[in-house]
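A.B. asks: could you work out the structure for the sequence below:
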Amino acid sequence: MANLDTGNTGFMILCSSLVMLMTPGLAFFYGGLVSRRNVLAIMMQSFVSMGWTTVLWFAVGYSLCFSGDVGGVIGNLDMAFLRGVTLDTPSPTPGIPLLVHIVYQMMFAIITPALITGAFANRVSFKAYLAFLTLWLLFVYFPFVHMIWGGGFLQKWGVLDFAGGIVVHNTAGMAALASVLYVGRRRTMDGGPHSVPLVALGTGLLWFGWYGFNAGSEFRVDSVTAVAFLNTDVAASFAAVTWMVVGWWQEKRPTFIGLLTGAVAGLATITPAAGYVSPLSAVIIGIASGVVCYFAVALKNKLHWDDALDVWGVHGVGGALGIILLGVFASTAFNPAGVDGLAFGNGGFFLKQAVAIGLASVWAFVFTYGMLWLIDKVTPVKVESAAEEAGLDAALHGETAYLGTQ
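C.D. replies: Sure thing, here's the model as predicted:
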């Protein structure tokens, strides 16, 4: 294409690769947290999203997110099956081919529904999950991508979400809560994580990939890219240590799982704000994440919600907290293309962020609950008790993760 910016294009291809790596990272993270009898089933739910979400994205997803506008809520089908896309089709960022924008955004679409799977671990049939994956992308993820990043009404209103606090984390977290309340508790409870080293490996891959997730969302290499990169690491680190310390205080011992979960909570919370706030604000956001998300998980336990892998407490609450704190700490000193937040005298922006997170939370919860009800009319969502007791690896897939696993 004419005027190709090779540096920015190369950077965005690298970032796309980093974000792709996050989905296998999530598979390891979740796989380590469940029992030996269910590790393959939950890992497969992440990996199948890499395949099926790509099919949907190619067919209609990219077009519904970024082509045209229908009522400010969804795009149209003008670019279905990437119709009209050539080597020279420009992207929203000058100098980068549209092909790169398509693949970068596709990686976001792949991981977002996979996040939800941790909530209903060990008890949902694979057939129902495939139906859920399809409907959730069509009716929750694609509309919110359009509303916030694709020219929809929230973007026009002035709502900001740098890399997916609403689009990715809050919608997934609220969907997780709806799933837990609809599907109900596990009949056979896990005895705890079967492999903490797998959880650590998954966390490392997620943290590494998150630099592409956040820094790449600037879509070019400049000073904002650098601050987004730094803020991502700072918030994750402060959240990890904060969660560990709070857990140490509450549970009388520091745990590795706590440190790792805190890091992921910090990463989720900084995501919407990474390219709009100062590093000092990222420190505050990280500490707030470590405290608020820890006690959100504690509340979930107290209420006996069987969110198996704490998707609501980490991603739902973290994403919402990040959007709200962006409304407080946004600073044009660190992103001239952004706005100033409540801390700099702009209460109107804070209010917009709060309204947007309220809308997203209700939409994701209601649509998810309705989808599961609808799917249940066609095929049972929850597996039978015998399959749950035997473990989904053997019962649904006829495979075992480890030699001798029954």
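A.B. asks: CA atoms for contacts and neighbours, from now on please.
C.D. replies: OK.
A.B. asks: quick check: longest helix of the protein.
C.D. replies: Scanning the chain for the helix with the most residues, using DSSP state H, yields helix 347-378.
A.B. asks: what is the mean pLDDT for the helix or strand following that helix?
C.D. replies: Sequence order places helix 385-390 as the next helix or strand after helix 347-378, per DSSP states H and E. The average pLDDT within helix 385-390 is 92.
A.B. asks: picking up where we left off before, packing partners for the longest helix of the chain?
C.D. replies: Where contact means 3 or more C-alpha pairs under 8 Å, 6 or more residues apart in numbering; DSSP states H and E, helix 347-378 is packed against helix 126-136, helix 171-183, helix 317-329.
A.B. asks: rerun that using 10 Å as the cut-off
C.D. replies: For helix 347-378, the packing partners by 3 or more C-alpha pairs under 10 Å, 6 or more residues apart in numbering; DSSP states H and E come out as helix 126-136, helix 142-149, helix 153-157, helix 171-183, helix 317-329.
A.B. asks: in the fourth one, what counts as buried?
C.D. replies: By neighbour count on 16 or more other C-alpha atoms under 10 Å, the buried set for helix 171-183 is 171-180, 182-183.
A.B. asks: likewise the first one?
C.D. replies: The neighbour-count criterion (16+ other C-alpha under 10 Å) identifies 126, 128-129, 131-133, 135-136 as the buried residues of helix 126-136.
A.B. asks: reformat the helices and strands packed on helix 347-378 as a markdown table; add mean pLDDT and distance to Ala263.
C.D. replies: Below are the helices and strands packed on helix 347-378 laid out as a markdown table (pLDDT from 0 to 100; distance: least, C-alpha to C-alpha, whole Å):
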| stretch | mean pLDDT | distance to Ala263 |
| --- | --- | --- |
| helix 126-136 | 98 | 26 |
| helix 142-149 | 98 | 25 |
| helix 153-157 | 98 | 29 |
| helix 171-183 | 97 | 17 |
| helix 317-329 | 98 | 11 |
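A.B. asks: list the contacts of His335.
C.D. replies: One thing to correct before we go on: residue 335 is Asn, not His. Residues near Asn335 by C-alpha atoms under 10 Å, 6 or more residues apart in numbering: 223-225, 227-228, 275-278.
A.B. asks: among the helices and strands packed on helix 347-378, which is nearest Leu77?
C.D. replies: helix 142-149 (12.3 Å; C-alpha to C-alpha).
A.B. asks: show me what that closest one is packed against.
C.D. replies: Helix 142-149 packs on helix 62-66, helix 98-116, helix 153-157, helix 347-378, going by 3+ C-alpha pairs under 10 Å, 6+ apart.
A.B. asks: quick one, which of those helices is nearest to Ser35?
C.D. replies: Of those, nearest to Ser35 by C-alpha to C-alpha is helix 98-116, at 17.9 Å.
A.B. asks: CA-only coordinates of that closest one in PDB, if you can.
C.D. replies: The C-alpha coordinates for helix 98-116 follow below in PDB (Å, rounded to 0.1, in the frame of the first residue of the first chain):
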ATOM      1  CA  LEU A  98      -6.600  -2.800   7.300                       C
ATOM      2  CA  LEU A  99      -5.500  -6.500   7.200                       C
ATOM      3  CA  VAL A 100      -3.500  -5.800  10.400                       C
ATOM      4  CA  HIS A 101      -6.400  -4.100  12.100                       C
ATOM      5  CA  ILE A 102      -8.600  -7.100  11.300                       C
ATOM      6  CA  VAL A 103      -6.200  -9.600  12.800                       C
ATOM      7  CA  TYR A 104      -5.300  -7.500  15.900                       C
ATOM      8  CA  GLN A 105      -9.000  -7.100  16.800                       C
ATOM      9  CA  MET A 106      -9.600 -10.700  16.100                       C
ATOM     10  CA  MET A 107      -7.300 -11.800  18.800                       C
ATOM     11  CA  PHE A 108      -9.300  -9.700  21.300                       C
ATOM     12  CA  ALA A 109     -12.500 -11.400  20.100                       C
ATOM     13  CA  ILE A 110     -10.900 -14.800  20.700                       C
ATOM     14  CA  ILE A 111      -9.900 -14.400  24.300                       C
ATOM     15  CA  THR A 112     -12.900 -12.500  25.600                       C
ATOM     16  CA  PRO A 113     -15.500 -15.300  25.600                       C
ATOM     17  CA  ALA A 114     -12.800 -17.700  26.800                       C
ATOM     18  CA  LEU A 115     -12.500 -15.700  30.000                       C
ATOM     19  CA  ILE A 116     -16.000 -16.600  30.900                       C
END
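A.B. asks: now that helix against helix 171-183, angle please.
C.D. replies: Interaxial angle of helix 98-116 relative to helix 171-183 (axes from the mean of the first three to the mean of the last three C-alpha atoms, to 10 degrees): 30 degrees.
A.B. asks: related to what we said a few turns ago, mind putting the helices and strands packed on helix 347-378 into JSON lines with distance to Asp69?
C.D. replies: Output for the helices and strands packed on helix 347-378, formatted as JSON lines (distance: least, C-alpha to C-alpha, whole Å):
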{"stretch": "helix 126-136", "distance to Asp69": "20"}
{"stretch": "helix 142-149", "distance to Asp69": "8"}
{"stretch": "helix 153-157", "distance to Asp69": "9"}
{"stretch": "helix 171-183", "distance to Asp69": "21"}
{"stretch": "helix 317-329", "distance to Asp69": "24"}
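A.B. asks: which one of those helices lies closest to Phe349?
C.D. replies: Nearest of the helices and strands packed on helix 347-378 (C-alpha to C-alpha): helix 317-329, 6.0 Å.
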